[in-house]
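[1] whatever this is, show me its structure:
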Amino acid sequence: MGTERETGRASVTATGNVQVSGAALKQWRRDARAQALAVDIPIEEVDWLLRELTGLDHLTLRLEIFRDGAELSLPLSLTDLTDLWQQRVRDRVPVQYLTGTAPWRQFTLHVSPAVLIPRPETELLIDLALAAAPDLLSSPWADLGTGSGAIALGLATGFPLAQIHAVDCSPEALAIARINAQVYGLGDQIQFHLGSWLQPLAHLRGQLGGIVSNPPYIPSQMVQELQPEVAQHEPHSALDGGADGLTCVQQLVRESPEYLRSGGVWLVELMAGQAIAVAELLHQNGSYREIQIHPDLAGIDRFVLAHRA
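    Residues are numbered from 1 along each chain as shown. Predicted coordinates for the structure are as follows:
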């Protein structure tokens, strides 16, 4: 009929999809899972890649609900899938960058190597902000170093009456954050600003109900020692916090009081071992009260929260 052409085991349809046999896909999945086990990659990532790039659902993959003789219409061939999976196995490219997506709270976020992959522990920043600010529901909030826009989206849904200001020094990161905001209908509630930390928000001095940030906090000498998925692929500008890891945090401690309203929330994420030092910086500054350290789900002191005095 002229609607498809043979390409070895697969055929390309007029819609651009590729016909793949169920037996071939089943074998591909099993081989990929074996490779994952051999190099200490979670085997769940194989199905993550397949779900995001082929549209097959979790149950179908887990139970292998495709008959050996069946033909599946997929948007890319097993050769293409193999090329991508080898980037994960050989080059340690994070699966989030291969699929272009990362789950975070109720969102599925668009990501690329221009932004840090949002971590599950960072989700707690939103819960801490909501618990700390019952009287600041309509005040403007700032997400400094927004990256993919994850925190800004979380704040926007948690504070639906508030204007959220998302700041990043990377145009590429802001472009991704804007896409994520538009996907979830939050493009009007979130304003995006290109610049360094609080510098683009001069017009909001004394008005912010909260400042939330997941800043770079890894000491410079440790960045290359991180797992290869991070050290080789995630943006170092979002990781490297200077000699002691606290260069950016110290700036936020100094500058935030000028921007926060009385009682406003200051909330940052840190690495293990930094919380006590940051709490002391806040205390020494003299502009903060109710300084608190909060653990993540693993019990690591991960967050420091304070209120503008």
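
[2] okay, CA-based contacts and neighbour counts for the rest of this
    Fine.

[3] and Ser73, how far from Glu52?
    The gap separating Ser73 from Glu52 is 15 Å, by C-alpha to C-alpha, to the nearest Å.

[4] ugh, typo on my part, it should be Gln35
    Gln35 is 19 Å from Glu52, by C-alpha to C-alpha.

[5] sorry, back to before: so which of Ser73 and Glu52 has more stuff around it?
    Each of Ser73 and Glu52 has its neighbours counted (other C-alpha atoms under 10 Å); Ser73 has more, 20 against 15.

[6] quick check: the more buried one is in a helix.
    No: Ser73 is assigned strand when assessed by DSSP: H, G, I helix; E, B strand; the rest coil, not a helix.

[7] which residues sit in contact with it?
    Residues counted as contacts of Ser73 (C-alpha atoms under 8 Å, 6 or more residues apart in numbering) are Asn17, Val18, Gln19, Val20.

[8] what about 6 Å?
    Ser73 makes contact with Asn17, Val18, Gln19, according to C-alpha atoms under 6 Å, 6 or more residues apart in numbering.

[9] next, count neighbours for Pro134.
    When neighbours are counted by other C-alpha under 10 Å, Pro134 comes out with 10.

[10] with Pro235 instead?
    17.

[11] roughly how far does it sit from His307?
    31 Å.

[12] how about Ile218, what does it touch?
    Leu239, Asp240, Gly241, Gly245.

[13] again, only this time at 10 Å
    By C-alpha atoms under 10 Å, 6 or more residues apart in numbering, the contact set of Ile218 is 226, 236, 238-247, 270-272.

[14] just the ones of those in helices?
    Among those, the members falling in helices (DSSP state H) are Thr247.

[15] what are the boundaries of the strands in the chain?
    Using DSSP state E, the strands of the chain run over 5-7, 10-12, 18-21, 71-74, 101-104, 107-110, 141-144, 164-168, 190-194, 208-213, 260-269, 288-295, 301-308.

[16] how much space separates the residue sitting nearest the centre point of the chain from Gly149?
    Geometric centre of the chain, nearest residue: Pro118, 1.9 Å, by C-alpha atoms, centre = their mean. From Pro118 across to Gly149, the span is 9 Å (C-alpha to C-alpha).

[17] before we move on, what about Ala181?
    Ala181 sits at a distance of 7 Å from Gly149 (criterion: C-alpha to C-alpha).

[18] what does Gln292 give?
    Distance from Gln292 to Gly149, by C-alpha to C-alpha: 25 Å.

[19] tell me which of the two has more neighbours.
    A count of neighbours by other C-alpha under 10 Å puts Gly149 above the other of Gln292 and Gly149, at 31 against 14.

[20] wait, that one touches Val183, no?
    No: applying C-alpha atoms under 10 Å as the test, Gly149 and Val183 come out as separate, 11.6 Å apart.

[21] what touches both of these two?
    Leu109, His110, Ala177.

[22] could I get those as TSV with pLDDT and distance to Gln251?
    Formatted as TSV, the shared contacts of Gly149 and Val183 follow (pLDDT from 0 to 100; distance: C-alpha to C-alpha, whole Å):
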residue	pLDDT	distance to Gln251
Leu109	98	29
His110	98	29
Ala177	98	24
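
[23] from those residues, which is closest to Thr122?
    Closest approach to Thr122 among the shared contacts of Gly149 and Val183 (C-alpha to C-alpha): Leu109, at 13.9 Å.

[24] look up how far Glu121 lies from that closest one.
    16 Å.

[25] those two: which has the busier surroundings?
    Counting neighbours by other C-alpha under 10 Å for Leu109 and for Glu121 shows that Leu109 has the greater number, 26 against 15.

[26] quick one: average pLDDT of stretch 207-216?
    Here stretch 207-216 scores 98 as its mean pLDDT.

[27] and the end-to-end length of stretch 138-158?
    Note: stretch 138-158 ends 11 Å apart using C-alpha to C-alpha.

[28] let's test this: mean pLDDT of it, rounded?
    On average, stretch 138-158 scores 97.

[29] for it, which residues meet the burial criterion?
    Across stretch 138-158, burial judged by 16 or more other C-alpha atoms under 10 Å covers 139-156.

[30] return the member of the contacts of Ile218 nearest to Ala132.
    The shortest approach to Ala132 among the contacts of Ile218 belongs to Leu270, at 18.1 Å (C-alpha to C-alpha).

[31] could you find the closest non-adjacent residue to the closest one?
    For Leu270, ignoring the flanking residues on the chain, the nearest one in space by C-alpha to C-alpha, 6 or more residues apart in numbering is Arg302 at 5.2 Å.

[32] which residues touch the one you found?
    Residues in contact with Arg302 (C-alpha under 10 Å, 6+ apart) are 121-122, 124-125, 268-275, 293-296.
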